[in-house]
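Undergrad: Predicted structure and sequence below. I'll ask about it afterward.
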Amino acid sequence: MYTMSKTVVLTGATGAIGGAIASGVAKHAQVSTLALVVRDAKKGEAIAATLRSDRLRVEVALADLSRPASVAACAADLCSRLGKIDVLINNAATVPATRQEVDGIELQFAVNVLAYWVLMKGLLPALQGGGRVVNVASQLAGGLDLSDLQLATRKYDAWNAYSRTKQANRMVAAEAAAEGRGFTAKGVSVVSCHPGVVTSTLLRSLGMARGHDTAEGGAALPLQLALGAETPTSGHFWSGRSGKLCEFGRDTKGCAALWQACEELSAACM
């Protein structure tokens, strides 16, 4: 059952949208614990200090989201430290200008997709029945080639690489709703969403100087899906006020193949 005293885990709180999500979570009357997953301890503690209150406990957990082993270790630490988790918001993302690899995995795919998957899987034992996972994706999505997830044979372009990872976010959420993946059996809803186009470091990395949405506006949908009274249908992609199984989620064979690839890539790095 969805509890009245909620524990929320959030990645990417040092960014524009992530910071607004963190602030919104902190203000929510039903949230008692917020855990920020960050790479930089100093930055994480600085954000946590602005959010803590007599009502809200704020924890900082360290993880290098480009390294699956680090993400898995962070998940195990959070499960041990928090005991129960009601919401995971996967929000962190990166857009490097050139193709890079960490632990043999292309950097955008590692951070924008694989880290989401590893954290979801790692936190599942602590996610409560009725809990939720929100993967921040985008309307900018498409072009994913399951035979070349690492962009090893195709020319690297930051914009197109990002679009492929956001397609993957939507497919991972859809596959998590499938029987046998563990989330449905545990009563956990997994969704993806488009937060809007917000002025941010990430947007500038995509070559756009400004967005047309505020950070608070961009945070509104992830917050609603994470903490709203109505549990969103698992597997759906949300944009604006509507959610549905998107075209990428309807590719059941592709979603299953992507899930298997995430399984194999993460296992190779542990």
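TA: Cool, the structure landed. Numbering: from 1, shown residues only.
Undergrad: quick one: pLDDT of A158?
TA: pLDDT, A158: 88.
Undergrad: That one: how many residues sit nearby?
TA: 17 (other C-beta atoms under 10 Å). C-beta here means a position set from N, CA and C on the backbone, and glycine is covered the same way.
Undergrad: I'd like the numbering to begin with 13 instead of 1 from here.
TA: Okay, using 13 as the starting number, the last item reads as A170.
Undergrad: Can you show me the strands along the stretch 113-262 of the chain?
TA: Ranges of strands in the stretch 113-262 of the chain, per DSSP state E, counting those that start in this stretch, are 113-114, 117-118, 139-148, 201-206, 249-251, 254-256.
Undergrad: now the helices: where do they sit in the stretch 163-282 of the chain?
TA: Ranges of helices in the stretch 163-282 of the chain, per DSSP state H, counting those that start in this stretch, are 170-188, 213-217, 227-239, 264-281.
Undergrad: Go ahead and confirm V125 touches V184.
TA: Yes. If you go by C-beta atoms under 8 Å, V125 and V184 touch, sitting 6.9 Å apart.
Undergrad: Overlap of the contact sets of the two?
TA: C274 (C-beta atoms under 8 Å, 6 or more residues apart in numbering).
Undergrad: What count of nearby residues applies to N172?
TA: Neighbours of N172 under the rule other C-beta under 10 Å: 15.
Undergrad: ok, it to A105 distance?
TA: Computed as C-beta to C-beta, to the nearest Å, the N172 to A105 distance reads 15 Å.
Undergrad: same question, H40
TA: Using C-beta to C-beta, H40 is found at 23 Å from A105.
Undergrad: quick one: which of these two has more around it?
TA: When neighbours are counted by other C-beta under 10 Å, H40 and A105 differ, and A105 comes out ahead with 27 against 15.
Undergrad: which non-adjacent residue is nearest that one?
TA: N124 (4.9 Å; C-beta to C-beta, 6 or more residues apart in numbering).
Undergrad: I figured that neighbour hits R176, correct?
TA: No. N124 is beyond contact range of R176, at 9.0 Å (criterion: C-beta under 8 Å).
Undergrad: Would you format the strands of the stretch 113-262 of the chain as TSV with mean pLDDT included?
TA: Putting the strands of the stretch 113-262 of the chain into TSV (pLDDT from 0 to 100) gives the following:
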stretch	mean pLDDT
strand 113-114	95
strand 117-118	96
strand 139-148	92
strand 201-206	96
strand 249-251	94
strand 254-256	91
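Undergrad: right, so those strands: which one is the most enclosed?
TA: strand 201-206 (a mean of 26; mean count of other C-beta atoms under 10 Å).
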